[in-house]
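Chemist: Got a predicted model here, sequence first, then my questions.
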Amino acid sequence: MSSSLKVLLDPQISSPAVKYTFNTLLGEFLGLDFSFGEEATASDSLCLYYGFPENCQSRAHFKINCSEFWLEKNYLKKGCLPPVPLARYRGKELTLIANAKDLPVLFLAREGKRAKAEAKAPYVRAASEENRVETNIDLIASSFFMLNRVEEIVSPAADEHGRYPVEASLAFKEGFLHRPIVNEYLEFLWFWLKNVDPGFQRKKRSFQLFLTHDVDHIRVGTARKRLRTSGAQLIKYRSPD
């Protein structure tokens with residue numbers, strides 16, 4: 001039986017948008033059994049904490065320290081745009097996860113004023129003997145930003161048709177336009193969840209075919225016109241459709 005997971009959310013950032021992102025990554029993509037909460041209990045087998053480091057509970061096995069993206073002063077405002085150039089994480093596990101040498105990091109956790117200089121760079125700290133992992137890579141805000149095209153909401157950039165130009169996008173400017181960056185964040189998250197608890201099992205995914213139709217104008221037409229169209233189809237294609 002696969003392990004269950006409790007996601008502990010910092011009250012400062014516990015919002016529908018944060019829960020939506022966890023539901024998308026953990027629920028829809030990975031198919032994990034998890035629940036939300038604000039406190040860990042003795043019965044919880046595995047806890048993931050997401051929030052500011054100073055509010056973290058000691059029982060958390062996996063800590064994702066968050067950035068200031070979700071704070072009211074920044075959320076969906078121009079101040080929420082990632083600072084460029086982006087930081088890059090260069091852990092050895094990336095070759096296994098995404099066949100890449102570095103991972104663009106949109107948002108890093110807020111660090112205290114006394115934080116060491118190296119804490120301002122992306123890190124993952126794993127204590128294998130305690131099955132605990134901590135990272136300052138804000139995977140949740142970074143995924144939400146890309147999944148919901150937040151930059152198109154807060155940026156005034158537009159072409160002559162009012163569309164958001166690709167040249168203005170963060171992905172284009174930072175060189176990851178053709179990388180499935182949210183999928184890479186997801187695999188990064190999954191790698192370290194498995195590191196904490198090898199008993200986790202993700203759902204199996206398979207390809208499916210979904211046909212769609214793009215119809216610009218729907219017209220029924222007269223009976224005479226439909227008859228004439230069907231006749232033309234019969235003559236040309238030997239089929240009335």
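Modeler: Yep, it's here. Owing to the predicted nature of the structure, the values given are computational and were not obtained by experimental measurement.
Chemist: Check which helix or strand the spatially most central residue of the chain maps to.
Modeler: The centroid of the chain falls nearest to residue 143 when counting by CA atoms, centre = their mean (2.6 Å). With elements taken from DSSP states H and E, the one containing residue 143 is helix 139-147.
Chemist: who touches stretch 132-139?
Modeler: Outside stretch 132-139, the residues that touch it by CB atoms under 8 Å, 6 or more residues apart in numbering are 25, 60-67, 69, 89, 103, 105-109, 111, 119, 122-127, 185, 188-189, 192, 195-196. Any C-beta I mention is one placed from the backbone N, CA and C, and that applies to glycine too.
Chemist: buried set for it?
Modeler: Within stretch 132-139, the residues scored as buried using 16 or more other CB atoms under 10 Å are 133, 134, 135, 136, 137, 138, 139.
Chemist: ok, the closest residue to the fourth one other than its chain neighbours to residue 74 distance?
Modeler: Across the structure, with CB to CB, 6 or more residues apart in numbering as the measure, the residue nearest residue 136 apart from its sequence neighbours is residue 109 (3.8 Å). Counting by CB to CB, to the nearest Å, the separation of residue 109 from residue 74 is 14 Å.
Chemist: Just want to know which of those two has more residues nearby.
Modeler: Neighbours of residue 109 and residue 74, each counted by other CB atoms under 10 Å, are more numerous for residue 109; the result is 24 against 16.
Chemist: The more buried one reaches residue 68, doesn't it?
Modeler: No: Residue 109 lies out of contact with residue 68 (CB atoms under 8 Å); the separation is 9.0 Å.
Chemist: which stretches of this structure have low pLDDT?
Modeler: Flagging of the chain using pLDDT under 70 yields the residue ranges 1-3, 42-44, 58, 112-119, 129-130, 217-221, 236-241.
Chemist: can you give me the strands for it?
Modeler: 5-9, 34-37, 47-51, 62-65, 87-89, 103-105, 124-127, 132-135 (DSSP state E).
Chemist: for those strands, which one sits closest to residue 17?
Modeler: strand 5-9 (11.5 Å; CB to CB).
Chemist: what are the pairing partners of the closest one, and which direction each?
Modeler: Partners of strand 5-9 in the sheet, by DSSP bridges, are strand 34-37 (parallel), strand 47-51 (parallel).
Chemist: For the closest residue to residue 52 other than its chain neighbours, which residues are in contact?
Modeler: Leaving out its chain neighbours, the residue that sits closest to residue 52 by CB to CB, 6+ apart is residue 10, at 5.6 Å. Contacts were defined as CB under 8 Å, 6+ apart; by that measure residue 10 touches 49, 50, 51, 52, 55, 56, 66.
Chemist: how close does residue 10 sit to residue 124?
Modeler: Noted for residue 10: a distance of 20 Å to residue 124, by CB to CB.
Chemist: now swap in residue 102 and tell me
Modeler: 13 Å.
Chemist: Now the common contact residues for these two.
Modeler: residue 89.
Chemist: Surely the residue nearest to the centre of the chain and residue 184 touch.
Modeler: No: Residue 143 is beyond contact range of residue 184, at 10.0 Å (criterion: CB under 8 Å).
Chemist: my read: residue 193 touches residue 61, true?
Modeler: No: Residue 193 lies out of contact with residue 61 (CB under 8 Å); the separation is 9.4 Å.
Chemist: Now do the shared contacts for the two.
Modeler: Common neighbours of residue 193 and residue 61, counting by CB under 8 Å, 6+ apart, are residue 48.
Chemist: Many thanks, have a good one.
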